[in-house]
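Novice: heads up, no residue letters with this:
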């Protein structure tokens, strides 16, 4: 194996170990495709703290990072969202093909552009957050 590949593998392991400690995640379950938001539930102040610590540890300039595109606010106790979702669900039972209700229900889903562990490795390799990741489609 080449020295370059060894360096990439070592950096990948370092980033995974960092994420494992920061998010109390099982290291053996982390892959390059693991999403911080969707798979590890990282959001709000936790996401902010994690990315600040990542930036410091791996010397990554985060100027290109668009926080709101990747992470939502801290979730607290939210009673309105679930109640509204239940109301719309019951309305759909009464009016199953109502396009406006379907669009409203779809609008309750939070869609974010994923930040994956592989993205963190790429940023650590280059020393800056890749600008093209801000253009990734929302999921």
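Specialist: All right, it came through fine. Remember, it's a predicted structure, so these values are computed and weren't measured experimentally.

Novice: OK, contacts around the most centrally placed residue in the chain?
Specialist: Residue closest to the mean C-alpha point of the chain, counted by CA atoms, centre = their mean, is residue 37 at 2.9 Å. Neighbour list for residue 37: 43, 47, 70-72, 112, 114-115 [criterion: CB atoms under 8 Å, 6 or more residues apart in numbering]. For glycine as for every other residue, the C-beta is placed from the backbone atoms N, C-alpha and C.

Novice: Provide a ChimeraX selection command restricted to the buried entries of those residues.
Specialist: Buried residues within the contacts of residue 37, by 16 or more other CB atoms under 10 Å, are selected in ChimeraX with:
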select :43,47,70,71,112,114,115
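
Novice: can you list the contacts of residue 37 in TSV and add distance to residue 99?
Specialist: Converted to TSV, the contacts of residue 37 look like this (distance: CB to CB, whole Å):
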residue	distance to residue 99
43	30
47	34
70	30
71	31
72	26
112	25
114	29
115	33
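
Novice: Walking through the chain, point out its helices one by one.
Specialist: Per DSSP state H, the chain carries helices over the ranges 3-23, 44-58, 67-70, 80-94, 99-107, 117-126.

Novice: between those, which gets the lowest average pLDDT?
Specialist: Among the helices of the chain, helix 99-107 carries the lowest mean pLDDT, a mean of 64.

Novice: any idea how far residue 136 is from the residue nearest to residue 38 when sequence neighbours are not counted?
Specialist: What sits nearest to residue 38 in space, not counting adjacent residues and going by CB to CB, 6 or more residues apart in numbering, is residue 114, at 5.8 Å. According to CB to CB, to the nearest Å, residue 114 and residue 136 sit 7 Å apart.

Novice: Now list whatever residues contact both of those two.
Specialist: Between them, residue 114 and residue 136 share no contacting residue, judged by CB under 8 Å, 6+ apart.

Novice: picking up where we left off before, out of the contacts of residue 37, which one has the weakest pLDDT?
Specialist: Where pLDDT dips furthest among these: residue 72, at 75.
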